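Student: the following comprises the amino acid sequence and a computationally predicted model.
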Amino acid sequence: MKPAPFEYADPHTVEEAVTLLAAHGDDAKVLAGGQSLVPMLALRLARPSIVVDVNRVAGLDSITPSGTGVAVGALVRQRTLERWAADRLPLLTAALRHVGHAPIRTRGTVAGSVAHADPASELPALLLCLDGVVVAQSRRSTRTIAAAEFFQGPLMTALAPDELVTETRWKLPAAHAGWGFREMARRHGDFALVGVAVVLTLARGAVADARIALFGAAATPVRAGAAEQALRGQPPSESALAEAARLATTGLETVSDLHAPAAYRASVARTLTARALADAAARAKDAP
Amino acid sequence: MGAKYFGAAVRRREDPRFLRGEGRFVDDVALPGLLHAAFLRSPHAHARLVSIDAARARRLPGVAAVFSHADLARWMKPLPVFGATPPGLAAAVRFDVRHAPQWALCKDVARHVGEAVAMVVADSRARAEDAAEAIDVAWEPLPAVADMVSAGEAGAPLLHPEWATNVAVGFTHGIGDAERALAAADVVLEETFRIQRYVGMPLETRGVVAQWDRRDGTLTTWNSTQVSHFVQQGLVTALELPPHKIRVIAPDLGGGFGTKASGYPEDVLVPLAARALNRPVKWIEDRREHMMAAAHARHQTHTIRLGAHRDGTIVGLADRIWLDLGAYNVWGIVLPYNTVAHLIGPYRIRDMKVEVKGVVTNKTPNAPYRGAGRPETVFAMDRAVDCLARRLGMDPADIRRKNYIRADELPWEFGMPYRDGNPLVYDSGDFPAALESALGAADYDGFRREQASLRARGVWRGIGMSGYVEGTAIGPFEGAHLKLDLTGRVQVATGAVNSGQGHETAFAQVAADVLGVPLDWVTVTGGDTATVPFGVGTFASRSGVTAGNSIADAARIVRAKLVAAAATLLEAAPADVEIEDGKAFVRGAPGSAVELGKVVQASIPTFARPGVATPDFEASAYHHVPTVTYASAVHVAQVEVDPGTGYVRLLKYVVAHDCGKVINPTIVEGQVHGGVAQGVGGALFEEMAYDGEGQLLTGTLMDYLVPSATDLPPIDTVHLEYPSPRNPLGMKGLGEGGAISPPAAIANAIDDALAPLGVRITETPATPPRVLHAIETARP
């Protein structure tokens, strides 16, 4: 279990990094925290001709709040964000605690998990739930890609081969919003069989805004648009939440694998969505 | 002997080096000029090897050699097989046993994914792997056999066509008249239970380092094995050298569990490469290789019939058993007969019959793993008993109270042999006492009272139990050697290999007590063939009894020599000499005390005098252990099931067990905890999965899920000590026990939690999808 031979480069600036990506395109792989790439190299499932190690690139390791959002540099470790978010965005902290184990989160980066786009991982779904964007830079351009467009399939994203993720941007829900996070994994820290993140905002006793993102269920993380729509304007009653959970999983194309058949994922997605919505409703306060 | 250390919770003396990261594992062996081996392995479950061309690989940088079967044909002999049927057993049971040669490197047909095809030796492991990829092999795929039940039926593709069947071990056996007993029963429960393929999965994979010294024609090999003397014997055959020219050293092991007690291709191939190249060679198995090439285990199907009177008295038992042995029959009758010999367990059953088929399939060969047939057979039996209790409307505890063999019925004779050919007779224990102890520690009655009210609030909790009686410490002996140095300090060597059990502590406790020296005077080494000429190794819960008694025997001999020498030195009668705390003295005259070092030194000849005795303060012992001792336990599991997801959370686990006299309760508890952890793995998490074409689906530890500390509940251990009359130290084996009952106890607890729904768990692991499916399809 040793990687096939590859070249190694450790650029110190974004400019150097994207120049390397422009030169090597599909043959290059970006190394950040290495929690997904290194095992894939060792198993020879990934065989890049060059590994571009961005860990020494300056200026990518800060968390910058801005108004109602936060910009997270590409080298910010998951553990750092988990701590930063504890009293600012507890949904994110709750979700991050399911990402592997503390040593893994201490190495793994937020942007790396997003760019790896494993459909069963938490951060892509969170970015989708929080209407986040990915900032992608290349020698050609710097562009932002909405999470809803970013995730295209299992381990497939809208990134071009010459683009480097330099930042992810997250919108903070209103302080009075409620949140829910539920995940079913075989063991703590495993990829989810299925999971769901929810944010509910109430106004005058009714749902003003609902965001529901499922992961592990389908080929990409998915927003439950119909359920969100149906909840708006409704009081968060048990029956309304149950109906939303039903809508959230209706038509969902769940996947089968060694660990769970598609029917299990569909059934549990609905159960967990109902529970996460109930959690969120219980945490939500009315708009001030 | 004074029991100063025996029975005491002495801290494990080996732990500081492990805790500091200073363990000496096989991968820590560093030698000048070391080369590295990697293997090309079969990607096919079943395929004919048409041609193999290593020309491209040999030209790659750093490659020293590539070996295929043809390249090593002169040295290729079938790998050793284990588990020959002992005469006493052969006389009682008519076994139909078939073996086929298993070659270290594929000769003409590969029969499982991961079978070694070629060995590359290069100046780094990475380059060896690069070269392995560059070997061109032409394969002709053959139809694969993946299902154990259909494998044994006519028309199935054959793994070893010369057998004309895939049944490697077939037999029927019985005691009493099971059919008559079942016909007379008020109720007969019939159910099929499936136990998955799951494995030992030691944290440290296997590994071999070999160094050939052509100056004197000796081989030294470090091997992460539980059985260094077996490895030595294999090399004697393979290399055609006498045993004293082959030194096998088992260094620190990061777990063994039986996985490292088999004979493997690499044991021979790495030494062959070292000799051929006259360079030391290292091979460390990577996890992917471990998954596909290290022994697999478990994997049985039982169709069991259990008959009872309406009052719950069990009267008869019949079981059809299939075992999936993988591609080769490496272990003969061991797993099939172990399964049979442990089916009845603590139950008072006089009428039993079994029909057994051990079949070969296109999977990695199986070997005994911690429990070796017992977890499977106990799962079938204890699940059937719970299903029977449900049918009869009895509490699972009550049906066991009624049917467990009582202490006053021991010794209990089965009327059939144990696997070693000697009569199967339970020597000591108290199974009902274990049941009550375990239930008490789990607060069974309190749990039952709370259960109904929790259920009303939507909390689904259950409690389940399972008991076993286990033949432990199989003989026939273990080798031990003990000697004193010039200062009276003690070196103990044994063929038993420490793979985490705390031998360096427990065996020192035994030796220190017998000799009368401080514990820290004793150094214990295991698994080095240069220190003990004959040995067996550590497996089958055997080393405490076998090595422990050999070490005690050797220490008694040396103590007698010390007493005789000290008597001369002190000018006293030997009968008046005592040894305590490292000093010899005349009884009643503590002022006469001399350090044992002085006794040794006074025995060594000088120019002035011949010495008070011959200074051979050493002895070997090979304590004969003709048959096993019977350890027993009852396990109780408390679970909570989420009916919305099928997730099973373990709340608490209790083990009340008897392993005879306990040397060190801390070590015993550690053994129980480790066993339970692996049993929990079997109950809820672990499965080595194949598809219908024999392709291995679990290639990494992301797919094969071993429970970690956070997945385990608090474990309470209750020690019940019923000394065995079968050895001087009164001990029984312990290592495997913890792993035997968890699948049955946990599955019983899940059934219990979901009893109002009528859920019946018939298969492990009880994964969330399986449990949810059982809930959705249950009929109350």
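Tutor: Nice, I can see it. Residues are numbered from 1 along each chain as shown, chains lettered A, B, ... in the order given.

Student: contact residues of the stretch 651-780 of chain B facing chain A?
Tutor: For the stretch 651-780 of chain B, the residues found near chain A under the criterion Cβ under 8 Å from any Cβ of the partner chain are B:685, B:689, B:697-698, B:700, B:702-703, B:705, B:707-708, B:710-711, B:767-769, B:772-773, B:776. Where you see a C-beta, it was placed from the backbone N, CA and C, and this is true even at glycine.

Student: next: the stretch 151-300 of chain B.
Tutor: Residues of the stretch 151-300 of chain B lying near chain A by Cβ under 8 Å from any Cβ: B:Asp286, B:Arg287, B:Arg288, B:Glu289.

Student: what sits against the first one?
Tutor: If you count contacts by Cβ atoms under 8 Å, 6 or more residues apart in numbering or on different chains, B:Asp286 has them with A:Met1, B:Thr205.

Student: buried set for stretch B:258-266?
Tutor: Judged by neighbour count (16 or more other Cβ atoms under 10 Å in any protein chain shown), stretch B:258-266 contains these buried residues: B:Gly258, B:Thr259, B:Lys260, B:Ala261, B:Ser262, B:Gly263, B:Tyr264, B:Pro265, B:Glu266.

Student: stretch B:320-332 now?
Tutor: For stretch B:320-332, by 16+ other Cβ under 10 Å, it's B:320-332.

Student: and what of stretch B:511-521?
Tutor: B:Ala511, B:Ala512, B:Asp513, B:Val514, B:Leu515, B:Gly516, B:Val517, B:Leu519, B:Trp521.

Student: over to stretch B:155-173?
Tutor: Neighbour-count burial for stretch B:155-173, with 16+ other Cβ under 10 Å as criterion, is recorded at B:Ala156, B:Leu158, B:Leu159, B:His160, B:Thr165, B:Asn166, B:Val167, B:Ala168, B:Val169, B:Gly170, B:Phe171, B:His173.

Student: for B:Ala144, give its distance to chain A.
Tutor: Remark: distance between B:Ala144 and chain A (Cβ to the nearest Cβ, to the nearest Å) = 18 Å.

Student: repeat for B:Arg320
Tutor: Using Cβ to the nearest Cβ, one obtains 29 Å as the distance from B:Arg320 to chain A.

Student: partner residues bridging that residue?
Tutor: On the basis of DSSP bridges, B:Arg320 is bridged to B:Thr303, B:Glu355.

Student: cool, and A:Thr157?
Tutor: A:Thr157 has these beta-bridge partners by DSSP bridges: A:Phe151.

Student: quick one: pLDDT of it?
Tutor: pLDDT recorded at A:Thr157 is 98.

Student: I'd say it and A:Ala115 touch.
Tutor: Yes - in this structure, A:Thr157 is within contact of A:Ala115 by Cβ atoms under 8 Å, at 6.4 Å.

Student: so these two - more neighbours on which side?
Tutor: More crowded of A:Thr157 and A:Ala115, by other Cβ atoms under 10 Å in any protein chain shown: A:Ala115, with 24 against 21.

Student: now do the contacts for the nearest residue to that one once chain neighbours are set aside.
Tutor: With sequence-adjacent residues excluded and distances taken as Cβ to Cβ, 6 or more residues apart in numbering or on different chains, A:Ala115 is closest to A:Val165, at 4.9 Å. By Cβ under 8 Å, 6+ apart, A:Val165 lies in contact with A:Ala74, A:Ala111, A:Val114, A:Ala115, A:Val134, A:Val135, A:Ala136, A:Leu159.

Student: would you mind listing what in the stretch 101-250 of chain A touches chain B?
Tutor: Within the stretch 101-250 of chain A, the positions near chain B by Cβ under 8 Å from any Cβ are A:Met184, A:Arg186, A:Arg187, A:His188, A:Gly189, A:Asp190, A:Phe191, A:Leu193.

Student: apply 10 Å and report the result again.
Tutor: A:His101, A:Arg182, A:Met184, A:Ala185, A:Arg186, A:Arg187, A:His188, A:Gly189, A:Asp190, A:Phe191, A:Leu193, A:Val194 (Cβ under 10 Å from any Cβ of the partner chain).

Student: so which of the residues you listed is the most crowded?
Tutor: Within those, most neighbours by other Cβ under 10 Å means A:Val194, with 31 neighbours.

Student: what about the nearest residue to it once chain neighbours are set aside, how many neighbours?
Tutor: Leaving aside its sequence neighbours, A:Val194 sits nearest to A:Gly216 (Cβ to Cβ, 6+ apart; 4.3 Å). A:Gly216 has 29 neighbours, counted by other Cβ under 10 Å.

Student: pull the contacting residues for A:Gly216.
Tutor: A:Gly216 makes contact with A:118-122, A:125, A:183-185, A:191-196, A:254-255, A:257, A:259-260, A:265, A:268-269, A:272 under the criterion Cβ atoms under 10 Å, 6 or more residues apart in numbering or on different chains.

Student: kindly report the same for B:Phe534.
Tutor: Neighbouring residues of B:Phe534 by Cβ under 10 Å, 6+ apart: B:His229, B:Pro243, B:Phe477, B:Glu478, B:Gly479, B:Gly495, B:Ser620, B:Tyr622.

Student: what's the first-to-last distance across stretch A:184-203?
Tutor: End-to-end distance for stretch A:184-203: 31 Å, by Cα to Cα, to the nearest Å.

Student: er, stretch B:641-652 I mean
Tutor: Start and end residues of stretch B:641-652 are separated by 13 Å (Cα to Cα).

Student: that stretch - what's its average pLDDT?
Tutor: Mean per-residue pLDDT for stretch B:641-652: 97.

Student: please apply the same query to stretch B:587-594.
Tutor: For stretch B:587-594, mean pLDDT is 94.

Student: run through who's touching it.
Tutor: With Cβ under 10 Å, 6+ apart, stretch B:587-594 has contacts from B:488, B:566, B:569-573, B:575-586, B:601-602.

Student: may I have that stretch as CSV, with CA atoms only?
Tutor: Taking Å, rounded to 0.1, in the frame of the first residue of the first chain, the C-alpha atoms of stretch B:587-594 are listed here in CSV:
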residue,chain,number,x,y,z
ARG,B,587,14.5,-22.2,59.3
GLY,B,588,14.2,-20.3,62.6
ALA,B,589,17.5,-18.6,62.1
PRO,B,590,16.9,-15.5,60.0
GLY,B,591,20.5,-14.3,60.8
SER,B,592,21.8,-17.2,58.5
ALA,B,593,20.2,-15.6,55.4
VAL,B,594,22.3,-15.4,52.3
